[in-house]
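Q: below are the sequence and a predicted model; questions follow.
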Amino acid sequence: MATTLPTAPARVSPAFQLDLASPQDVPEIVQLWYSDFSIPAMLELWPDTPGVRWWWESAIRQDMLHRPREKYLKVVDPSQGRIIAYGKWSLQTAQERGPRFPPWHPEMDARHNDRFFQVLEHNRARVVGDGRKNFCM
């Protein structure tokens, strides 16, 4: 018994597109973050509340509009017309950049967040040092 192959060509999705994100993309980026990172450890840092989502949107827009050396990249799936991934690329050292985030929203545990990010900044300084290297952390 012979097997027949379908005569219609297989549908192939177009390649993903990489581009700079814009302020208009911020609500979708925040939604994607919560869709992908709603695990207890992350929700301890950033509870999923309207106020903290507003904080996220404000922080990202602030970077995009007032920190030209902080670049947000997005990956778009053209078949869905949606952002499927994003990343923030900093072209500065921690000293040049200054504080990584604006003041914490009242619904966040400021002491816990400060301790957590102090460890990250310490490790970043240990790995990157004072040199000008492209490094994402």
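A: Right, received. Where do you want to start? Numbering: from 1, shown residues only.
Q: quick one: buried residues of the lengthiest helix in the chain?
A: Identified as the longest helix of the chain according to DSSP state H is helix 110-128. Buried residues in helix 110-128, counted by 16 or more other C-beta atoms under 10 Å: 113, 117, 124. In this view, the C-beta of every residue, glycine as well, is placed from N, C-alpha and C.
Q: can you tell me the SS state at the closest residue to the second one other than its chain neighbours?
A: I take that to be residue 117. Once flanking residues are discounted, residue 117 sits nearest to residue 100: 6.4 Å by C-beta to C-beta, 6 or more residues apart in numbering. What DSSP: H, G, I helix; E, B strand; the rest coil gives for residue 100 is coil.
Q: isn't residue 100 right next to residue 121, touching?
A: Yes - with contact defined as C-beta atoms under 8 Å, residue 100 reaches residue 121; the gap is 7.2 Å.
Q: shared neighbours of those two, anything?
A: residue 94 (C-beta atoms under 8 Å, 6 or more residues apart in numbering).
Q: how about low-confidence regions in this structure?
A: For the chain, the stretches flagged by pLDDT under 70 are 1-14, 129-137.
Q: go again using 80 as the cut-off
A: 1-14, 91-95, 124-125, 127-137 (pLDDT under 80).
Q: need the strands for it, in chain order.
A: Here the chain has its strands, by DSSP state E, at 17-20, 70-77, 82-90.
Q: can you list contacts of the last one?
A: Contacts made with strand 82-90 from outside it, assessed by C-beta under 8 Å, 6+ apart, are listed as 16, 21, 25, 28-29, 32, 63, 69-77, 97, 134, 136.
Q: that older thread, do you know which of the strands of the chain lies nearest residue 44?
A: strand 82-90 (20.7 Å; C-beta to C-beta).
Q: any buried residues in that closest one, and which?
A: For strand 82-90, a neighbour-count test (16+ other C-beta under 10 Å) marks 83, 86, 90 as buried.
Q: any chance of these in CSV, plus distance to residue 104?
A: What follows is the buried residues of strand 82-90, written out as CSV (distance: C-beta to C-beta, whole Å):
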residue, distance to residue 104
83, 26
86, 22
90, 20
